[in-house]
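Student: Sequence and predicted model, in that order:
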Amino acid sequence: MHPCLRCGACCAYFRVAFHWSEADASLGGVVPPELAETLDPHRFVMRGTQASRPRCVALHGTVGETAHCGIYEQRPSVCREVEPAWESGRPSLQCDKARVAHGMSPLTLADWQAVPQHA
Ligand code: SF4
Ligand code: SF4
């Protein structure tokens, strides 16, 4: 199984803010606007991620057990930019911070050895 599907920590750690146009279908945006709220004149934020204990409203499952994004194909650009550590041979401070905050170890190269290439 892909390590993110046993994790979800980054979706329950960061404030997920993005330009409002990403949720405006008339401008090609794909993020469901009902799952976002206004942050400032330029940005929306995914609901739930501004809380003192953030958890994106689109996150399904239990962090650290089974978790997945309910709008994976429509997720904001900032979500697409978070790289799972070592998936592409690079470290990821965001991934490490979120996992540690949820009591998990940072990913290592070994976590990818059993993952099929298409996962
Ligand atoms: S914290 Fe890392 S491993 Fe966990 S879901 Fe996010 S990118 Fe994937
Ligand atoms: S939109 Fe999806 S990928 Fe982005 S924070 Fe929410 S659950 Fe995670």
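Tutor: Thanks, I have the structure now. Ligands and ions are numbered 1, 2, ... in the order given.

Student: and the chain, which of its residues are near ligand 2?
Tutor: Contacts of the chain with ligand 2, taken as C-beta under 6 Å from any ligand atom, map to Cys11, Val16, Met46, Cys56, Ala58, Leu59, Cys69, Ile71, Arg75, Cys79. To be clear about C-beta, it is placed using only N, CA and C from the backbone, and glycine gets the same treatment.

Student: mind redoing it with 5 Å?
Tutor: Proximity of the chain to ligand 2 is assessed by C-beta under 5 Å from any ligand atom, with Cys11, Val16, Cys56, Ala58, Leu59, Cys69, Arg75, Cys79 identified as the residues in range.

Student: Can you list which of the residues you listed are found in strands?
Tutor: Within the residues of the chain next to ligand 2, residues falling in strands by DSSP state E are Leu59, Cys69.

Student: with the residues of the chain next to ligand 2 in mind, which one is nearest to Thr38?
Tutor: Comparing the residues of the chain next to ligand 2 against Thr38 with C-beta to C-beta picks out Val16 as the nearest, at 13.6 Å.

Student: which residue sits closest to the closest one, ignoring its sequence neighbours?
Tutor: What sits nearest to Val16 in space, not counting adjacent residues and going by C-beta to C-beta, 6 or more residues apart in numbering, is Met46, at 4.0 Å.

Student: With only the CA atoms kept, save stretch 57-67 in CSV.
Tutor: These are the backbone C-alpha positions of stretch 57-67, laid out as CSV (Å, rounded to 0.1, in the frame of the first residue of the first chain):
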residue,chain,number,x,y,z
VAL,A,57,-12.8,18.4,5.8
ALA,A,58,-11.9,16.3,2.7
LEU,A,59,-9.8,13.9,4.6
HIS,A,60,-11.4,10.5,5.0
GLY,A,61,-10.3,7.8,7.5
THR,A,62,-8.1,7.8,10.6
VAL,A,63,-4.7,9.5,10.6
GLY,A,64,-2.0,6.9,10.9
GLU,A,65,-4.2,4.0,10.0
THR,A,66,-6.1,4.4,6.8
ALA,A,67,-6.6,7.8,5.2
